[in-house]
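Novice: Here's a sequence, model it:
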Amino acid sequence: MVVEDDENLRVAVAARLGAAGLDIEVAGDLATADQALRARRHDCVVFDRMLPDGDAIGYVHARRLEGWRTPVLFLTARDALADRVAGFEHGGDDYLVKPFAVAELTERVLNLCRSAGLDRPSVLRHDDLVMDCARREVRRAGVLLTLSNKEYAVLEYLLVRGGDPVQRADLLEHCWDSTTDPMSNVVDVTIRRLRRKLREPELIHAVRGLGYRLGAG
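Specialist: Next up is the predicted model:
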């Protein structure tokens, strides 16, 4: 998630992070960000420090006291040592001073996203399907598959859930952003494409009235 009140910067950062394969949600103030952060899990949040409704370090500090553990990177024009120290003391995991190179920000965010997933196995398996999360590679019966970002995200979530049924709403929440129409058929379209790429025997099965699951039959 990118929380930045400068619209031009917010759009530019979100576009670059999206091009790096991340699903991005944006907000222009703390109130909007808080609503989204409490509703959905995020792997990383980029906060501009000074927002229309307050200093983001106060918000992050309060959330840390609640047990919130999502990695945070602060963006700010404040480059004094005391300001950088305050960012870390109040729960920040990284701190980048404006002006900055968007390429550097992207690498820092990707690193924080990786750290957020340390509790997840680096390799996910189901029968002859193997997903190497570190390399973002998927193979079936040893054959490397080419997946889009959405196809990869859907398959990863199904693998994490094992053989348990997964509702369409859960897939929509975890693999798409909040602007996606909940009544759209993007989940079903992505599943159809995945099935074709995974080939026979079929691994992804529909669960009537619910969603999908991984299984041998």
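
Novice: Which of the three states applies to Leu172?
Specialist: Put simply, Leu172 is helix when judged by DSSP: H, G, I helix; E, B strand; the rest coil.

Novice: Which secondary structure element is home to the closest residue to it other than its chain neighbours?
Specialist: Once flanking residues are discounted, Leu172 sits nearest to Val187: 5.8 Å by C-beta to C-beta, 6 or more residues apart in numbering. Where you see a C-beta, it was placed from the backbone N, CA and C, and this is true even at glycine. Val187 is part of helix 186-198 when elements are defined by DSSP states H and E.

Novice: following that helix, which helix or strand comes up?
Specialist: Where DSSP H and E defines the elements, the next helix or strand beyond helix 186-198 is strand 204-207.

Novice: Now do the same contact list for Gly163.
Specialist: Residues near Gly163 by C-beta atoms under 8 Å, 6 or more residues apart in numbering: Arg213, Leu214, Gly215.

Novice: same thing with Glu89?
Specialist: By C-beta under 8 Å, 6+ apart, Glu89 has no neighbours at all.

Novice: What are the contacting residues of the helix or strand of the chain with the lowest mean pLDDT?
Specialist: When each helix and strand of the chain is scored by mean pLDDT, DSSP states H and E, helix 168-175 comes last, with a mean of 80. Helix 168-175 has contacts (C-beta under 8 Å, 6+ apart) with 23, 40-41, 150, 153-154, 157, 180, 182, 186-188, 190, 210-212.

Novice: could you redo the last one with a cut-off of 6 Å?
Specialist: With contact meaning C-beta atoms under 6 Å, 6 or more residues apart in numbering, helix 168-175 is reached by Ala153, Val154, Tyr157, Val187, Gly211.

Novice: same question, stretch 187-204
Specialist: Counting by C-beta under 6 Å, 6+ apart, residues outside stretch 187-204 touching it are Arg140, Leu145, Lys150, Glu151, Val154, Leu155, Arg168, Leu171, Leu172, Tyr212, Leu214.

Novice: before we move on, the earlier item: report how many residues lie close to the residue nearest to Leu172.
Specialist: By the criterion of other C-beta atoms under 10 Å, Val187 has 23 neighbours.

Novice: any idea which of the contacts of helix 168-175 is the one closest to Val11?
Specialist: Proximity of the contacts of helix 168-175 to Val11 (C-beta to C-beta) peaks at Ala153, which lies at 22.4 Å.

Novice: Can I take it that the closest one is in a helix?
Specialist: Yes: counting by three-state DSSP, Ala153 is found in a helix.

Novice: Thank you kindly, that will do.
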